[in-house]
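[1] Sequence below, structure please.
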Amino acid sequence: MAANRQQEAGVARRGLMLVLSSPSGAGKTTLSRRLLAEDAGVMLSVSVTTRKMRPGEMDGSDYHFIDRRQFDALVDKDGLLEWAEVFDNYYGTPVKPVMDALAAGRDVLFDIDWQGTQQLSEKARGDVVSVFILPPSIPELERRLHRRAQDDYETIHRRMAKAADEMSHWAEYDYVVINRDLDQAFGDVKAILAAERLKRERQPGLSDFVRGLQAKL
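    Numbering: from 1, shown residues only. Presented below is the predicted three-dimensional model:
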């Protein structure tokens, strides 16, 4: 991808924070996993959470699972870039690993909601690229929630009730992708990432690169 080609050419770049948000079931997690599998230049921001581990999840890989006391301590120490309460559980993003990755030219992927996106933008707007994923229809959103079989009926009902509020924040995002077809939506996300990587302000090494070119004329 573009980031690799630029770095191969000797152009130093700063990484970016790629945020994917959506109502539960609209596809952000599936898109995130596919992007991580296909692009070595992207790493996942591993959040801390107070919720219980789900089947198939691994501590330190999917989330850092901690208790409420530990979470509150991180908030008090300003150790989180963003945090939010979602369905009676708390989620947050540790500061240091993200900033270290950006400085090293790595892109960091965030699977967070609109509240977390707002907080990230307040703290590091120049580093944030936000994408909101919409479902093609409400019946399809509900069908996907039932199909993934991760939640009971009551939880699915709560997620559907919350979807309208979550979707009302679409206009706060840089880009909006409607996930009618997974391959097409993934192509859209890749195109956004490729273009954002090439922005001049994210390539601090361009000045030295251009001077090197000029010196050989």
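[2] from memory residue 17 sits against residue 106, does it?
    No: here residue 17 does not reach residue 106: they are 10.5 Å apart, not a contact under CB atoms under 8 Å. From N, CA and C alone the C-beta is placed, and that goes for glycine too.
[3] Are there residues contacting both of the two? Which ones?
    Counting by CB atoms under 8 Å, 6 or more residues apart in numbering, residue 17 and residue 106 have no contacts in common.
[4] hang on, residue 129 is in a strand, isn't it?
    Yes: with DSSP: H, G, I helix; E, B strand; the rest coil as the criterion, residue 129 is assigned to a strand.
[5] can you pull the contacts of it?
    16, 17, 18, 19, 174, 175, 192, 193, 196.
[6] which residues touch the closest residue in space to it that isn't next to it in sequence?
    The shortest distance from residue 129 to any residue that is not its chain neighbour, by CB to CB, 6 or more residues apart in numbering, is 4.7 Å, and that residue is residue 196. Applying CB under 8 Å, 6+ apart, one finds that residue 196 lies in contact with 16, 18, 129, 202.
[7] Surely the second one touches residue 42?
    Read it as residue 18. Yes: in this structure residue 18 lies within contact range of residue 42 using CB under 8 Å: 7.1 Å.
[8] Now do stretch 131-141: distance to the chain's middle.
    On the basis of CA atoms, centre = their mean, to the nearest Å, the separation between the geometric centre of stretch 131-141 and that of its chain is 17 Å.
[9] what about this protein, any weak spots by pLDDT?
    Within the chain, the set of residues satisfying pLDDT under 70 comprises 1-9, 144-153, 155-157.
[10] hmm, back to that, tell me which of residue 17 and residue 106 has more neighbours.
    Set side by side, residue 17 and residue 106 give different neighbour counts by other CB atoms under 10 Å, the larger being at residue 17 (25 against 19).
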